[in-house]
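S.K.: prediction below, plus the sequence it came from.
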Amino acid sequence: MNRKVYIVSKKKKKRKTLFLFLFTPILIVLLATAVYATNLYLKAENIANSSYEALENDVANASSKVENMSILFIGVDDSETRNFNDSTRSDALMLATFNKDTNSVQLLSIPRDSYVYIPEKGYSTKINHAYAYGGAQGSIDTIEHLLDIDVDYYMRMNFHAFIDVVDALGGVKVDVPYAISEMDSSDKKGAIQLEEGLQTLNGEEALAFARTRKQDNDMERGKRQQELIQAIVQKATSVESLTKYVDVIEAIGSNMKTNLTFSQMKSLVAYAIKNTDLSITTSQLQGKDSTINGTYYFTLDDEELEKTRTLLQNHLNGIETNESASEDNGFESVEMQ
């Protein structure tokens, strides 16, 4: 049966695969357990348990039942040079809200340079500083203040995981759009040189491909990161990779932190796979480039921000957005199968 959903801006795409991209680590773990059964299942469970990190403000909820909830995905671009600590700034933020009754997901990308209030410090600056000031909890507190919703869970992925996972899989094939000269994971400038065209990248090269934005912008970088994750998933699901799952799981486990339990992870992915009519709405906070006291910021549009708050609050609370109100707020009605 067809069902209407509302899309923020006409440029946004509806992709169930995007939801699965966010859970790439969990997907690989589940693929591994499906192939090697008991032994690898236990290893995957141990890795997931070692990645579990509760937050000080967590409310105990051990249930693996899928309910209306929100998850903040935090991508951290750190390295040994940066000491792998909480002083590193977040490089990517995406909030997902889930409504089990409407079988829908809202995915909101938050520009890393957004000028917002940081509760941890009591003043406004770039949103990526929140992680440096207070770790995952600092990012969550900032998002909750910005959007006026509760963030139930988080998943922090170290971008260094790309290196380990890609190398464990024996490289991934992607189409490099132009010649790239980038630093490596140790921040050595010009260490990675890529030519234009379809090619197989190793871990360091994949990271350079994912992080570069010198010749375009954050939007194009986001597309490249999605392409890379898709390539990783494709390689991980190939027959040739079955014997490499142990190394892949270990790479993920050492580079991920979350307050989701293993049971909750399995339930979320099973839910996404089972519900073939799952609708995905993607959007990005709107604003403009600005310079404040000589520093670049992305200043958010207050009116659009308020619309986004209302949308997410309604989505989590199960309040249906009618078609006329959605169109007034800049949403487009789209039929999904």
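M.R.: Looks like it came in fine.
S.K.: can we go C-alpha only for contacts and neighbour counts from here?
M.R.: Fine.
S.K.: quick one, helices of the stretch 1-150 of the chain?
M.R.: Secondary structure of the stretch 1-150 of the chain (DSSP state H, counting those that start in this stretch): helices at 16-22, 24-51, 129-147.
S.K.: by residue count, what's the longest strand in the protein?
M.R.: For the chain, the longest strand by residue count, based on DSSP state E, is strand 90-99.
S.K.: tell me the strands beside that one, with direction?
M.R.: Each strand paired with strand 90-99, and its direction, by DSSP bridges: strand 69-76 (antiparallel), strand 104-109 (antiparallel).
S.K.: what lies in contact with the first one?
M.R.: Meaning strand 69-76. The list of residues contacting strand 69-76 from outside it, by Cα atoms under 8 Å, 6 or more residues apart in numbering, reads 22, 88-99, 136, 140, 150-159, 316.
S.K.: what do you get for stretch 297-311?
M.R.: Defining contact as Cα under 8 Å, 6+ apart, one finds that stretch 297-311 is touched by 111, 113-115, 126, 147-149, 285-291, 321, 329.
S.K.: output stretch 161-179 as PDB - backbone C-alpha positions only.
M.R.: The C-alpha trace of stretch 161-179 is given here as PDB (Å, rounded to 0.1, in the frame of the first residue of the first chain):
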ATOM      1  CA  ALA A 161      37.900   2.600  11.200                       C
ATOM      2  CA  PHE A 162      37.700   3.200   7.400                       C
ATOM      3  CA  ILE A 163      41.400   2.300   7.200                       C
ATOM      4  CA  ASP A 164      41.200  -0.900   9.200                       C
ATOM      5  CA  VAL A 165      38.000  -2.100   7.600                       C
ATOM      6  CA  VAL A 166      39.000  -1.400   4.000                       C
ATOM      7  CA  ASP A 167      42.400  -3.100   4.500                       C
ATOM      8  CA  ALA A 168      40.800  -6.100   6.200                       C
ATOM      9  CA  LEU A 169      38.600  -6.500   3.100                       C
ATOM     10  CA  GLY A 170      41.500  -6.200   0.700                       C
ATOM     11  CA  GLY A 171      40.600  -2.700  -0.600                       C
ATOM     12  CA  VAL A 172      37.400  -1.300  -2.200                       C
ATOM     13  CA  LYS A 173      36.600   0.000  -5.600                       C
ATOM     14  CA  VAL A 174      35.400   3.500  -6.100                       C
ATOM     15  CA  ASP A 175      35.300   6.200  -8.800                       C
ATOM     16  CA  VAL A 176      37.700   9.000  -7.900                       C
ATOM     17  CA  PRO A 177      36.200  12.200  -9.500                       C
ATOM     18  CA  TYR A 178      39.500  14.100  -9.900                       C
ATOM     19  CA  ALA A 179      43.100  13.900  -9.000                       C
END
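S.K.: check which residues of that stretch are buried.
M.R.: By neighbour count with 16 or more other Cα atoms under 10 Å, stretch 161-179 contains the buried residues 161-176.
S.K.: where does the stretch 151-300 of the chain dip in pLDDT?
M.R.: For the stretch 151-300 of the chain, the stretches with pLDDT under 70 are 217-219, 222, 226, 237, 239-243, 245-246, 272-273, 276.
S.K.: so which residues of the stretch 151-300 of the chain form helices?
M.R.: Taking DSSP H, counting those that start in this stretch as the test, the helices found in the stretch 151-300 of the chain are 160-168, 203-211, 218-236, 245-253, 262-274.
S.K.: quickly note the distance from residue 215 to residue 277.
M.R.: Using Cα to Cα, to the nearest Å, residue 215 is found at 38 Å from residue 277.
S.K.: neighbour-wise, which of those two wins?
M.R.: residue 277 (16 against 10; other Cα atoms under 10 Å).
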